[in-house]
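*Asks:* Provided below for reference: sequence and predicted model.
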Amino acid sequence: MTVLDHSATPTPVWPPDAHGPRRDPAPLLPDAEPVRVLGTPAVKGLAPELLRDLYRRLVAGRRYNQQATTLTKQGRLAVYPASTGQEACQIAAATALRPTDWLFPSYRDTLAVVSRGVDPVEALTLLRGNAHSGYDPYEHRVAPLSTPLATQAPHAVGLAHAARLRGDATVALALVGDGGTSEGDFHEALNFAGVLNAPVVFLVQNNGYAISVPLSKQSAAPTLAHKAVGYGIHGRLVDGNDAAAMHNVLSEAVEHARSGLGPVLVEAVTYRLEAHTNADDAGRYRSAEEVAAWQQRDPLTLLESQLRDLGLLTDEDVSEAAAVAEALADHMRTMFHVKPELDPMSLFTHVYAEPTPQLREQAAQLAAELEAEAEAER
């Protein structure tokens with residue numbers, strides 16, 4: 001039997017910079033704990049008017065959620081995924097952007113859309129079942145609401161990359177829920193963003209549940225913000241119920257991306273106080289005690305308490321904010337009483353730039369049915 005002598009066999013050595021230089025992951029790691037501003041010395045460094053503006057927006061946002069929920073119960077909306085409890089995330093997503101930036105919302109993010117300047121009735125058109133979108137995306141630089149989870153994230157990357165190629169100082173911000181981070185589109189978006197160094201920010205609103213599935217059954221990552229490291233982008237972790245912290249962290253992330261330093265993934269730890277939608281029974285998968293504990297972290301209550309402690313909010317200020325919010329709700333009620341003029345054929349508009357043969361066939365079929373109905377009524 002021949003015995004091979006391996007003593008002289010050299011140990012394989014990886015060539016330097018195999019497959020490209022390796023990046024130090026340390027700078028990409030998210031904050032060890034969620035960033036907080038309210039209740040900390042950092043709050044005194046913020047402009048009083050900024051804090052008051054955030055408060056007014058939170059008051060209006062809460063009233064918006066309440067009114068939209070009521071309209072759903074009245075049958076005037078087909079469905080409404082409330083963002084009650086998540087208003088600080090929604091408002092910060094809008095206020096951190098410049099008018100030239102783009103917002104890419106999901107179906108739960110109508111408050112962010114309204115905060116961007118879109119009329120509430122137009123923002124709710126999709127959820128009313130009247131059209132694919134009720135507003136002009138180019139007018140407000142707000143993409144249509146995305147009902148499929150996370151499909152808006154690659155779109156945000158594409159737009160941001162295109163803007164960068166043109167030399168525009170545009171940033172895209174994509175809103176995603178914790179459930180959306182389990183979708184392939186989310187991972188593809190992060191990978192493209194990292195490779196292309198696209199000026200895009202991903203805001204993950206981690207409210208603890210993907211409908212009824214708790215976060216512990218979705219991900220084993222230390223935090224969702226840690227997912228950023230695997231794609232070579234920066235991660236941030238913030239208290240999503242702290243309106244001031246949300247504004248600061250998102251503003252920093254947007255400017256980080258705008259300056260060419262790369263995309264950012266921000267995880268906002270928050271909670272959905274209402275059910276997933278009006279069709280959901282949240283009591284089947286979470287306890288009343290859990291909800292009550294999170295109500296103590298209500299973003300509106302936290303900010304109002306802080307402003308009063310700082311002497312920046314009076315009873316008159318509270319009344320004025322409530323009056324503005326009620327005017328918003330009244331506008332919603334008034335406009336939802338107006339019967340919209342709908343064209344069923346608009347269903348096929350803006351689906352493809354050039355309609356497919358199947359789409360033309362379906363349009364022709366619907367046109368024939370509408371003609372038959374009209375003929376029967378004559």
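*Replies:* Thanks, I have the structure now.
*Asks:* going forward, measure contacts between C-alpha atoms and count neighbours the same way
*Replies:* Noted.
*Asks:* Assign residue 237 to one of the three secondary structure states.
*Replies:* strand (DSSP: H, G, I helix; E, B strand; the rest coil).
*Asks:* didn't it look like it was pressed against residue 34?
*Replies:* Yes. In this structure, residue 237 is within contact of residue 34 by Cα atoms under 8 Å, at 4.8 Å.
*Asks:* So which of these two has more stuff around it?
*Replies:* residue 237 (25 against 16; other Cα atoms under 10 Å).
*Asks:* Next one: the more buried one from residue 349, what distance?
*Replies:* 40 Å (Cα to Cα, to the nearest Å).
*Asks:* for the stretch 251-378 of the chain, what spans make up the strands?
*Replies:* For the stretch 251-378 of the chain, the strands defined by DSSP state E, counting those that start in this stretch cover 264-269.
*Asks:* what sits in contact with each of residue 237 and residue 34?
*Replies:* Both residue 237 and residue 34 are in contact with 268-269, where contact means Cα atoms under 8 Å, 6 or more residues apart in numbering.
*Asks:* so what secondary structure elements neighbour the longest helix anywhere in the chain?
*Replies:* Identified as the longest helix of the chain according to DSSP state H is helix 48-73. The contact analysis (3 or more Cα pairs under 8 Å, 6 or more residues apart in numbering; DSSP states H and E) places helix 48-73 against helix 87-95, helix 110-115, helix 243-258, helix 299-309, helix 315-336.
*Asks:* Can you mark which positions in that helix are buried?
*Replies:* 48, 51-52, 54-65, 67-72 (16 or more other Cα atoms under 10 Å).
*Asks:* separation between the residue sitting nearest the centre point of the chain and residue 317?
*Replies:* The centroid of the chain falls nearest to residue 175 when counting by Cα atoms, centre = their mean (2.3 Å). Separation of residue 175 from residue 317 (Cα to Cα): 31 Å.
*Asks:* cool, and residue 377?
*Replies:* With Cα to Cα as the criterion, residue 377 and residue 317 are 57 Å apart.
*Asks:* Please identify which of the two sits among more neighbours.
*Replies:* Neighbour totals were compared for residue 377 and residue 317, and residue 317 leads with 14 against 7 (other Cα under 10 Å).
*Asks:* Pull the contacting residues for the more buried one.
*Replies:* So residue 317 contacts nothing (Cα under 8 Å, 6+ apart).
*Asks:* go on, residue 87?
*Replies:* Residue 87 sits next to 58, 61-62, 111, 241, 299 when contact means Cα under 8 Å, 6+ apart.
*Asks:* And those, which is closest to residue 20?
*Replies:* Comparing the contacts of residue 87 against residue 20 with Cα to Cα picks out residue 241 as the nearest, at 40.7 Å.
*Asks:* so what's that closest one up against?
*Replies:* So residue 241 contacts 85-89, 269-270, 297-299, 302 (Cα under 8 Å, 6+ apart).
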